[in-house]
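K.L.:
kindly generate the corresponding structure for this input.
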Amino acid sequence: MSDPIPDVQSAHDRRRIAIDKVGIKNIRHPIRIRDKSAGTQQTVAVFNMYVGLPHNFKGTHMSRFVAILDRDERELSVESFEPMLRAMVERLEARSGHLEMRFPYFIAKSAPVSGVRSLMDYDVSFIGTLTEDSRHEFTVKVIVPVTSLCPCSKEISAYGAHNQRSHVTVTAILNGYLWIEEIVQLVESQASCEVYGLLKRPDEKYVTERAYDNPKFVEDMVRDVAALLDTEPRIHAYVVESENFESIHNHSAYALIERDKRKAAGGKRP
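P.N.:
Predicted structure coming up:
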């Protein structure tokens with residue numbers, strides 16, 4: 001009988017320095033995500049999977065992270081994300097863990113006049129953290145492309161105004177189930193105009209005039225989105241950012257608002 005293969009990762013480490021995060025990064029895996037209109041949609045996610053390593057262990061078992069992905073159901077949602085995170089921490093014999101999943105999410109949109117339908121893709125991330133005292137926190141991050149038109153340009157020009165595509169990013173700690181589509185619609189409602197995958201000429205006329213009638217500075221964009229996020233009870237805390245890719249400058253305009261509604265209400269963090 002051959003000698004057992006040594007488990008080097010589980011060996012004792014004498015340096016007495018704990019590691020906050022150790023694991024695997026940028027691993028792709030097929031998933032199914034809950035879709036508000038179609039039930040589910042298939043996509044591919046990039047995962048980052050980490051656990052905290054106590055000071056007395058030399059290393060973690062990297063192969064177990066991959067095994068968890070292959071073992072777990074491929075239909076992931078807000079509800080299934082926490083059990084997956086807890087299973088990862090238990091399987092790695094850790095006391096804390098961090099799980100990130102970034103994926104493209106597609107929403108079918110109808111053009112405003114012709115009604116022609118096309119797909120828009122949005123960059124979405126699910127982020128889960130499990131602390132040593134077993135407290136779970138779930139964060140969703142959505143990047144929404146929109147149109148912004150400069151109020152100053154409109155005011156000072158004899159005709160026309162410069163506009164650009166902007167990325168509005170909402171990163172929210174949730175207190176209940178919130179559809180990705182709801183976050184997208186919230187942001188798009190506060191832009192100078194929405195962005196569409198396909199437009200006919202009557203649609204182009206509409207979006208051009210819509211943006212001209214609804215000018216927004218980058219400061220306006222984050223303030224208007226923040227005002228709606230403040231009224232959403234399913235959101236504990238948020239960061240809203242807007243980056244305007246300027247059409248007449250070689251730089252972007254940028255603004256950010258960060259707010260923890262639990263602190264503003266005088267409550268304690270869960």
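
K.L.:
lowest-confidence helix or strand of this structure?
P.N.:
strand 75-76 (a mean of 70; mean pLDDT, DSSP states H and E).

K.L.:
chain center to the first helix or strand past that one going along the chain: distance?
P.N.:
Helices and strands here follow DSSP states H and E; after strand 75-76, the next one along the chain is helix 78-91. Chain-centre distance of helix 78-91: 18 Å, with Cα atoms, centre = their mean, to the nearest Å.

K.L.:
helix or strand next in line after helix 78-91, which one?
P.N.:
strand 97-110.

K.L.:
could you pull out the helices in the stretch 1-150 of the chain for me?
P.N.:
62-71, 78-91 (DSSP state H, counting those that start in this stretch).

K.L.:
point out the most buried one among these.
P.N.:
helix 78-91 (a mean of 16; mean count of other Cβ atoms under 10 Å). (C-beta placed from N, C-alpha, C; glycine too.)

K.L.:
angle of it against strand 97-110?
P.N.:
For helix 78-91 against strand 97-110, the angle by axes from the mean of the first three to the mean of the last three Cα atoms, to 10 degrees is 160 degrees.

K.L.:
beta partners for Val124?
P.N.:
Val124 has the following beta-bridge partners by DSSP bridges: Phe103, Val142.

K.L.:
so it sits against Tyr105, correct?
P.N.:
Yes - contact criterion Cβ atoms under 8 Å: Val124 and Tyr105 qualify, at 4.5 Å.

K.L.:
now for those two: what residues contact both?
P.N.:
142, 180 (Cβ atoms under 8 Å, 6 or more residues apart in numbering).

K.L.:
okay, these two: which has more neighbours?
P.N.:
Neighbour count, other Cβ atoms under 10 Å: between Val124 and Tyr105, Val124 has more, with 21 against 17.

K.L.:
residues contacting that one?
P.N.:
102-105, 140-143, 180.

K.L.:
and those residues, which are buried?
P.N.:
Buried residues within those, counting neighbours by 16 or more other Cβ atoms under 10 Å: 103, 105, 140-143, 180.

K.L.:
which residues in the stretch 151-270 of the chain form helices?
P.N.:
Using DSSP H, counting those that start in this stretch, helices in the stretch 151-270 of the chain cover 151-156, 180-188, 201-212, 218-230, 261-264.

K.L.:
take the ones you listed and write them to CSV, including mean pLDDT and distance to Asp35.
P.N.:
Shown next, in CSV, are the helices of the stretch 151-270 of the chain (pLDDT from 0 to 100; distance: least, Cβ to Cβ, whole Å):
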stretch, mean pLDDT, distance to Asp35
helix 151-156, 94, 36
helix 180-188, 96, 8
helix 201-212, 97, 25
helix 218-230, 97, 23
helix 261-264, 85, 28
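
K.L.:
could you redo those as TSV and give each row distance to His98?
P.N.:
Shown next, in TSV, are the helices of the stretch 151-270 of the chain (distance: least, Cβ to Cβ, whole Å):
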stretch	distance to His98
helix 151-156	41
helix 180-188	21
helix 201-212	40
helix 218-230	24
helix 261-264	21
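
K.L.:
who wins for proximity to Glu132 among these?
P.N.:
helix 261-264 (20.5 Å; Cβ to Cβ).

K.L.:
show me what the closest one is packed against.
P.N.:
Where contact means 3 or more Cβ pairs under 8 Å, 6 or more residues apart in numbering; DSSP states H and E, helix 261-264 is packed against strand 235-245.

K.L.:
ok, back up a step: lowest mean pLDDT across the helices of the stretch 1-150 of the chain, which one is that?
P.N.:
Ranked by mean pLDDT, the helices of the stretch 1-150 of the chain end with helix 62-71 at the bottom, a mean of 83.

K.L.:
the helices of the stretch 1-150 of the chain: which one's closest to Arg259?
P.N.:
Short answer: helix 78-91, nearest of the helices of the stretch 1-150 of the chain by Cβ to Cβ, at 21.1 Å.

K.L.:
which stretches of this protein have low pLDDT?
P.N.:
Counting by pLDDT under 70, the chain contains low-confidence ranges at 1-14, 55-59, 72-75, 265-270.

K.L.:
could you rerun that using 90?
P.N.:
1-20, 31-41, 53-84, 87, 90-95, 134, 160, 175-177, 246-248, 262-270 (pLDDT under 90).
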